[in-house]
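*Asks:* Model the following, please.
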Amino acid sequence: MEIPPKSPEESEKSPQSKELISSTTGSTLCMSSRSESVWTSASRSKWDIYHKPVIVVSVGAAVFLFGMVITSLSCFLPDHKNVFKMCGPAFLSLGLMLLVCGLVWIPIIRKKQKQRQKSQFLQSLKSFFFNR
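*Replies:* Residues are numbered from 1 along each chain as shown. As a prediction, the model looks like this:
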């Protein structure tokens, strides 16, 4: 009997690509992902958890207040009224957008924290079934 020729895909693979396909690839990919691992449950302070949304909320509030000041200047300074009327609402809307995004981000983080507090067994089962 003749031995069937190898498929072109197998012959084109380099030894380096064969090394990449191993049993440790899955665990390496899980460790290098951006999401936190199920197995590392180091306690973090409230500031570590909420610092990004707090910064976004405070920057949004500052930009919103700056927009209010610039908009109100159009009433008091008639010299540059058109500039103030154009820039003021732009800062108002940008500040409001950042403020709302930060305020919505906080409940999302709280929900994630509650989900992480589930038992270790349920989390390991979930990671076993969904990471395949």
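
*Asks:* contacts, neighbours, all on C-alpha from now
*Replies:* Noted.

*Asks:* mind showing which ranges of the chain have poor pLDDT?
*Replies:* Applying pLDDT under 70 to the chain flags the ranges 1-42, 118-121, 123, 132.

*Asks:* Now the longest helix belonging to it: buried residues?
*Replies:* In the chain, assigned by DSSP state H, the helix with the most residues is helix 81-116. By 16 or more other Cα atoms under 10 Å, the buried positions in helix 81-116 come out as 84-85, 88-92, 95-99, 102, 105-106.

*Asks:* Just after it, pick out the following helix or strand.
*Replies:* Sequence order places helix 120-130 as the next helix or strand after helix 81-116, per DSSP states H and E.

*Asks:* Now that following helix - C-alpha only, PDB.
*Replies:* In PDB, the C-alpha atoms belonging to helix 120-130 read as follows (Å, rounded to 0.1, in the frame of the first residue of the first chain):
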ATOM      1  CA  GLN A 120     -14.700  29.800  44.400                       C
ATOM      2  CA  PHE A 121     -16.300  26.500  43.300                       C
ATOM      3  CA  LEU A 122     -18.800  28.200  41.000                       C
ATOM      4  CA  GLN A 123     -16.200  30.500  39.500                       C
ATOM      5  CA  SER A 124     -13.900  27.600  38.700                       C
ATOM      6  CA  LEU A 125     -16.700  25.700  37.100                       C
ATOM      7  CA  LYS A 126     -17.700  28.700  35.100                       C
ATOM      8  CA  SER A 127     -14.100  29.300  33.900                       C
ATOM      9  CA  PHE A 128     -13.700  25.600  33.100                       C
ATOM     10  CA  PHE A 129     -16.800  25.600  30.800                       C
ATOM     11  CA  PHE A 130     -16.600  29.000  29.200                       C
END
